[in-house]
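> next comes the sequence, and after it the predicted model I'd like to discuss.
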Amino acid sequence: MKAVVLYEHGGMDKLVYEENFPDPQCGPNDVVLRVKATSLNYHDLFTRNGMPGIKLNLPIICGLDVAGEIVEVGSEVKDWAVGDGVLVDPRNRVEGGLVGETIHGGLAEYCRAPTHQLVTIPEGVSFAEAASLPVAYGTAHRMMVTRGQVNADDTVMILGASGGVGTGAVLLAKILGAEVIALSSSEAKLKALRELGADKVLNYVEADFVKEIWKLYDKPHRREHAGGVTVVVNFTGGDTWVKSMRCLRRGGRLLTCGATAGYDPKTDLRYVWSFEFDIRGSNSWEPEDLVSLLDYIAEGKMKVPIAGTFPLTEATEALRLIEDREVIGKVIVAP
């Protein structure tokens, strides 16, 4: 089969396009998919570069988020059939590991997957839309809905709003009826976030976002509203952590699912107890998060922004766009 293969860690040149890579072998409890779409994530760059403490068995085919059509079923498989359209949950909750990291991923014509990782793609959802979901939108759904319990009474400030998880958080907050303030670093990104539905946007490079939030939302004459927004989404950490707390009103919720700018920021516990903040961590996603997202698309509640679709021969260029942060929305490779 045709595939893009990582033989050693390093730069983009380490991803090699092959015309005759061995086809996947279907185990008794596996299926083999004809890959219809794979969406790329920043995690694919971590795999390419190599991650401290994680040793991979190379060569490996990257691509965590995979959707396709079943072309072969294992001898013990009873609930799936050739022709079924499925999304692969990248997390193997039985043996451990990730698609595209511990087993071959979606940057190929075919992909093997254990049946316990399959999710049915409902009618009306494209392969590209389904493949866009797990890593970015699944993480956002668990953080915003399952853990964060965002609702129509909330005013939500989202840092890093132009990335994959960030755009998912914007879309989900709007589906839930909340008012959204999206923060990013350029006018082009802010324009795109407005188009995604953000009610207000702030450029955190040009202005002190704490002061801007207080201008917009502080209501000192109503004690329960003093201080700003009800929810802050912060998966950057670093020097934005305490600033985020200063944007919350009494009883506010601070949601986090990562620390892209630093995992050990200074904090100020006085804010936590004085204003009775609720800090909620969220880790990746569960299958029910993916099912909910697929249903949102099928019901017309959510439209996934797809920035571009590339053939397998241009997978490295597609991944470069992710690395250089040149796109807002999902980048798809369609073999």
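Nice, thanks for sending it over.
> contacts and neighbour counts: CA atoms only from here.
OK.
> show me the domain layout of this protein.
Here the domain parsing of the chain from automatic domain parsing is 3-132+304-333, 136-281.
> need these in a markdown table with distance to residue 291, can you?
Converted to a markdown table, the domains of the chain look like this (distance: least, C-alpha to C-alpha, whole Å):
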| stretch | distance to residue 291 |
| --- | --- |
| domain 3-132+304-333 | 7 |
| domain 136-281 | 9 |
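> could you tell me the least trusted of these?
For the domains of the chain, mean pLDDT drops lowest on domain 136-281, to a mean of 90.
> how about the nearest residue to residue 137, chain neighbours excluded?
Excluding its sequence neighbours, the residue lying closest to residue 137 (C-alpha to C-alpha, 6 or more residues apart in numbering) is residue 168, at 5.1 Å.
> can I take it that the one you found is in a helix?
Yes - assessed by DSSP: H, G, I helix; E, B strand; the rest coil, residue 168 belongs to a helix.
> could you pull up the residues touching the closest residue to residue 3 other than its chain neighbours?
Distances taken as C-alpha to C-alpha, 6+ apart put residue 108 closest to residue 3, at 4.0 Å, once the chain neighbours are dropped. Applying C-alpha atoms under 8 Å, 6 or more residues apart in numbering to residue 108 gives the contacts 1, 2, 3, 4, 35, 61, 312, 335.
> list buried residues within those.
2, 3, 4, 35, 61, 312, 335 (16 or more other C-alpha atoms under 10 Å).
> return the member of these nearest to residue 278.
Closest approach to residue 278 among these (C-alpha to C-alpha): residue 61, at 40.5 Å.
> which phi and psi does that closest one have?
Torsion angles at residue 61 (phi, psi; degrees, to the nearest 10) stand at phi -100, psi 120.
> can I assume it is in contact with residue 8?
No - using C-alpha atoms under 8 Å, residue 61 is not in contact with residue 8; the gap is 11.3 Å.
> residue 318 belongs to a helix, doesn't it?
Yes - according to three-state DSSP, residue 318 belongs to a helix.
> do a quick rundown of the helices in the stretch 1-150 of the chain.
For the stretch 1-150 of the chain, the helices defined by DSSP state H, counting those that start in this stretch cover 42-49, 127-131, 139-141.
> next one: the longest one to chain centre, how far?
By that I understand helix 42-49. A distance of 14 Å separates the centroid of the chain from that of helix 42-49, by C-alpha atoms, centre = their mean, to the nearest Å.
> for residue 294, which of the domains of the chain is the nearest?
Closest among the domains of the chain, using C-alpha to C-alpha: domain 3-132+304-333, at 6.8 Å.
> coming back round to it: give me whichever of the helices of the stretch 1-150 of the chain is most buried.
Mean neighbour count (mean count of other C-alpha atoms under 10 Å) peaks for helix 139-141 among these, with a mean of 29.
> circling back: looking at the domains of the chain, which is nearest to residue 287?
domain 3-132+304-333 (7.2 Å).
> the closest one: end-to-end distance?
With C-alpha to C-alpha, to the nearest Å as the measure, domain 3-132+304-333 spans 11 Å from end to end.
> residues near the residue nearest to residue 137, how many?
Number of residues near residue 168 (other C-alpha atoms under 10 Å) recorded here: 25.
> wait, isn't it in contact with residue 136?
Yes - using C-alpha under 8 Å, residue 168 is in contact with residue 136, at 6.8 Å.
> what would the contacts of residue 108 look like in TSV with distance to residue 125?
Output for the contacts of residue 108, formatted as TSV (distance: C-alpha to C-alpha, whole Å):
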residue	distance to residue 125
1	27
2	26
3	25
4	26
35	15
61	26
312	22
335	18
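> closest to residue 237 among those?
Residue 237 has its nearest neighbour among the contacts of residue 108 in residue 61, at 31.1 Å by C-alpha to C-alpha.
> how close does the closest one get to residue 6?
Residue 61 is 6 Å from residue 6, by C-alpha to C-alpha.
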